[in-house]
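got a predicted structure plus its sequence, pasted below:
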Amino acid sequence: MPKIKTHSGAKKRFKLTKNGKVKRGPAFHSHILTKKSTKLKRGMRKNAYADKTNAAAVKAMLPYA
């Protein structure tokens, strides 16, 4: 049987936890940070979990994670 390829973009952006949740980093935290408030940037340091409506799609892109 052929193997399923892992989605290259997804493997850089998501990790699966032991319980099967999808961990993600915050959006809008890579550039153009001068106009964003310190409070907003500080809050974006933390990781979050992907919403359950999107979790199945992400897991399909990461078949071996």
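Nice, I can see it.

buried ones in the lengthiest helix in the chain?
Secondary structure of the chain per DSSP state H: the longest helix is helix 52-61. Using 16 or more other C-beta atoms under 10 Å as the test for burial, helix 52-61 gives 55, 58-59, 61. Yep, even glycine has a C-beta here, placed from its N, CA and C like the rest.

mind giving me the packing neighbours of it?
The helices and strands touching helix 52-61, judged by 3 or more C-beta pairs under 8 Å, 6 or more residues apart in numbering; DSSP states H and E, are helix 8-13, strand 14-16, strand 22-24.

mind running it again at 7 Å?
Applying 3 or more C-beta pairs under 7 Å, 6 or more residues apart in numbering; DSSP states H and E, we find helix 52-61 packed against strand 22-24.

any idea what the nearest residue to Ala50 once chain neighbours are set aside is bridged to?
In this structure, Ala50 finds its nearest non-sequential neighbour in Val22, 3.9 Å apart by C-beta to C-beta, 6 or more residues apart in numbering. For Val22, the beta-bridge assignment (DSSP bridges) gives partners Leu16.
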